[in-house]
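Enquirer: Next input, structure requested:
(2 chains)
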Amino acid sequence: MSFWRSNEHSYSGLAKLLHWLSALTVVGLFFLGLWMVDLTYYDEWYRTAPDLHRSIGLALAMTTILRILYRLTVSYPGPLASHPRLVVLASKVMHVAIYCLLLVMFVSGYLITTAKGDPIGFFGLFEIPSVVSGIDNLEDKAGDVHEVAAFTLIGLAVLHALAALKHHLFDRDDTLRRMITRGKL
Amino acid sequence: MKKLIASVVAASVLGMAAQVQAADYVVDKKGAHAFVQFRVKHLGYSWLYGRFNDFDGEFTFDEKDPSKNKISVTVNTESLDSNHAERDKHLRSNDFLNTKKFPKATFVSTAYTATGDKTADLTGNLTLHGVTKPITIAVEHIGAGKDPWGGERAGFEGRATIKPADFGIPMVEKLGPASEEVELFLTVEGVKKK
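Expert: Numbering: from 1, shown residues only, chains lettered A, B, ... in the order given. Next up is the predicted model:
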């Protein structure tokens, strides 16, 4: 296994790292988001939790953009030869849908904060300015999209994980293994 | 026949006279000479100001008999603006105004009782968050007369203090005891209907 280049038996080290880091971050952001919107005004996390959510979200957004560029420019393992065409198509659709939903989450989340011209902060280190404002109730519309897309993304991620487990436990093929181990050489 | 004509003329003259005294005005929303604003204490340390950008209203202004004065205002609650997107989103949510379920707030006056030369108590029904309760607005008549563009205008400012809890909005639970009351400022300039 190479850190930079995938082969047919295994994803590259970088691809694995990005995949599992993203998975962890997406789930973490989901529960952080659910938790923070119900905090009371006097809770000590009332301000810090959304700050963290925004900052981690921005970090994931930047990472995901690089990840997509990496995915599009560096060769990656194609589908396993044993996979029927329908499975190949379904997994392709699922992967594209998850990437698209991630992008929807980033844009909608950014718009909630910046809808009235305020910038969005990154761990207090720097701010990204607002680029879209002056649309009535943009923060509400973006908020609705963010919520629906979040639940959809988590739903798809669960399906994605179940499909991987199905390949591993029932089909007994390398689908999951090549995202975890070094794979066969 | 002459009698009939005479009485028709008399009736219309009387009608016109009545119109001259009590005139109807449309709140000048287009020219933005009207404001629906509020303020609420933040933590008990400062005042937070906000406003509603979209509303409509009409009032009747009778210079001779102020007891005939009346007003009705409809506010689009989704137009809440406190100059902070995330706070606006929160205030519109079902924690507070629940603007998706209750997109309109209305005030319809029931009585105008003069308390001074230019001041009055305006009572009426406020419908907010789906709950209708009587409130009293302390009104000041600012001025009235011809405008420079061929119309006639009249303006008032009203202030009222409400407890949102009366309307089912749990301010104290959500924001603390200092935020129990909200002050409302209704500033209207009306253009006389022709």
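Enquirer: What are the boundaries of the strands in the chain?
Expert: No chain specified, so I'll use chain A. With DSSP state E as the criterion, chain A has strands at A:120-122, A:126-128.
Enquirer: wrong one, I was asking about chain B
Expert: Going by DSSP E, chain B shows strands at B:22-27, B:34-42, B:46-52, B:55-62, B:70-76, B:80-81, B:104-114, B:119-128, B:131-146, B:152-162, B:182-192.
Enquirer: Out of those, flag the one nearest chain A.
Expert: strand B:80-81 (8.2 Å; CB to the nearest CB). Heads up, the C-betas are built off the backbone N, CA and C, glycines and all.
Enquirer: List of residues touching the closest one?
Expert: B:50-53, B:88, B:91-92, B:97, B:99 (CB atoms under 8 Å, 6 or more residues apart in numbering or on different chains).
Enquirer: Swap in 6 Å and give it another go.
Expert: Contact partners of strand B:80-81, identified using CB atoms under 6 Å, 6 or more residues apart in numbering or on different chains, comprise B:51-53, B:88, B:91-92.
Enquirer: related to what we said a few turns ago, can you list the strands of chain B in TSV and add mean pLDDT and mean neighbour count?
Expert: Below are the strands of chain B laid out as TSV (pLDDT from 0 to 100; neighbours: other CB atoms under 10 Å in any protein chain shown):
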stretch	mean pLDDT	mean neighbour count
strand B:22-27	93	19
strand B:34-42	97	18
strand B:46-52	97	14
strand B:55-62	95	19
strand B:70-76	97	20
strand B:80-81	96	20
strand B:104-114	97	17
strand B:119-128	97	18
strand B:131-146	96	15
strand B:152-162	97	18
strand B:182-192	97	20
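Enquirer: Looking at those strands, which is nearest to residue B:174?
Expert: strand B:34-42 (11.2 Å; CB to CB).
Enquirer: Let's have the strands of chain B in JSON lines, adding distance to residue A:142.
Expert: Formatted as JSON lines, those follow (distance: least, CB to CB, whole Å):
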{"stretch": "strand B:22-27", "distance to residue A:142": "31"}
{"stretch": "strand B:34-42", "distance to residue A:142": "24"}
{"stretch": "strand B:46-52", "distance to residue A:142": "20"}
{"stretch": "strand B:55-62", "distance to residue A:142": "24"}
{"stretch": "strand B:70-76", "distance to residue A:142": "19"}
{"stretch": "strand B:80-81", "distance to residue A:142": "16"}
{"stretch": "strand B:104-114", "distance to residue A:142": "23"}
{"stretch": "strand B:119-128", "distance to residue A:142": "26"}
{"stretch": "strand B:131-146", "distance to residue A:142": "29"}
{"stretch": "strand B:152-162", "distance to residue A:142": "31"}
{"stretch": "strand B:182-192", "distance to residue A:142": "27"}
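Enquirer: Name the residues of chain B found near chain A, please.
Expert: Residues of chain B lying close to chain A by CB under 6 Å from any CB of the partner chain are B:78, B:85, B:89, B:175.
Enquirer: Out of the residues you listed, grab the one that's most surrounded.
Expert: Highest neighbour count within the residues of chain B next to chain A, by other CB atoms under 10 Å in any protein chain shown: residue B:85, with 25 neighbours.
Enquirer: Surely that residue is in contact with residue A:117?
Expert: No: applying CB atoms under 6 Å as the test, residue B:85 and residue A:117 come out as separate, 8.2 Å apart.
Enquirer: so where's chain A shaky on pLDDT?
Expert: Scanning chain A with the threshold set as pLDDT under 70 gives A:1, A:182-185.
Enquirer: now do 80
Expert: Low-confidence segments of chain A (pLDDT under 80): A:1, A:8, A:75, A:182-185.
Enquirer: Can you pull the residues of it lying near chain B?
Expert: Residues of chain A lying close to chain B by CB under 6 Å from any CB are A:41, A:115-116, A:137, A:139-140, A:143.
Enquirer: And the residue of chain B that's closest to chain A?
Expert: Closest point on chain B to chain A, by CB to the nearest CB, is residue B:85, at 3.9 Å.
Enquirer: hmm, which of the residues of chain A next to chain B are the buried ones?
Expert: Burial by neighbour count, judged by 16 or more other CB atoms under 10 Å in any protein chain shown, picks out A:115-116, A:137, A:139-140, A:143 from the residues of chain A next to chain B.
Enquirer: And those residues, which two are furthest apart?
Expert: By the measure CB to CB, A:116 and A:143 form the most distant pair in those, at 13.0 Å.
Enquirer: for residue B:76, what are its contacts?
Expert: Listed by CB under 6 Å, 6+ apart, the contact set of residue B:76 reads residue B:54.
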